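> Only the shape, not the letters, is given here:
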């Protein structure tokens, strides 16, 4: 069982560096046009954003999907591996808000999560994470869809 400390956030890359049993893979990285949906999440007009999807596997079974959304407000250095850590530092993120719920997986989450598991379709823990600056501006957003049997949430 993986324990997630809600007070100490790790980027997907940092998560793999800390826990060698997990394999974190960048599944997709794309730039999307803005929409009212994304404007609502970020509470401002977002003309474009970068969407990065990571799979987290243990023993070759995907147990978590991380979707990272970052507004395209400037230049991203090419070949940057940990974009999330770079943005957090550049934008001086100093607060992380978590919202956790039990829900049914989206079609993409179902395809990626349930593909390697023999259990029937099940609900997932969905952790919505808002990264905020000292001015309470939402800098970036993540959704983590996790299989409940593999994770325990811990707040110290």
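Here it is on my side, so go on. What you see is a predicted model; the values in this text were computed from it and never measured.

> and stretch 135-150, average pLDDT?
Rounded to a whole number, the mean pLDDT of stretch 135-150 is 89.

> in it, what counts as buried?
138, 139, 140, 141, 142, 143, 144, 145, 146, 147 (16 or more other Cβ atoms under 10 Å). From N, CA and C alone the C-beta is placed, and that goes for glycine too.

> Between the two ends of that stretch, how far is it?
Terminal residues of stretch 135-150 lie 35 Å apart, using Cα to Cα, to the nearest Å.

> How far off centre is it?
What separates the centre of stretch 135-150 from the centre of its chain is 5 Å, taken as Cα atoms, centre = their mean, to the nearest Å.

> what sits up against it?
The set of residues external to stretch 135-150 that reach it, using Cβ atoms under 8 Å, 6 or more residues apart in numbering, is 1-2, 41-44, 58, 63-71, 84, 87-88, 91, 93, 95, 102, 105-106, 109, 113, 117, 122-133.

> Show only the entries of those found in helices.
The helices in this structure, assigned by DSSP state H, contain 41, 42, 84, 87, 88, 109, 113 from these.

> ok, the last one touching residue 107?
If I follow you right, that is residue 113. No: between residue 113 and residue 107 there is no contact, the gap being 11.0 Å when judged by Cβ atoms under 8 Å.

> Give me the more crowded residue out of these two.
The residue with more neighbours, out of residue 113 and residue 107 and counting by other Cβ atoms under 10 Å, is residue 113; that gives 23 against 7.
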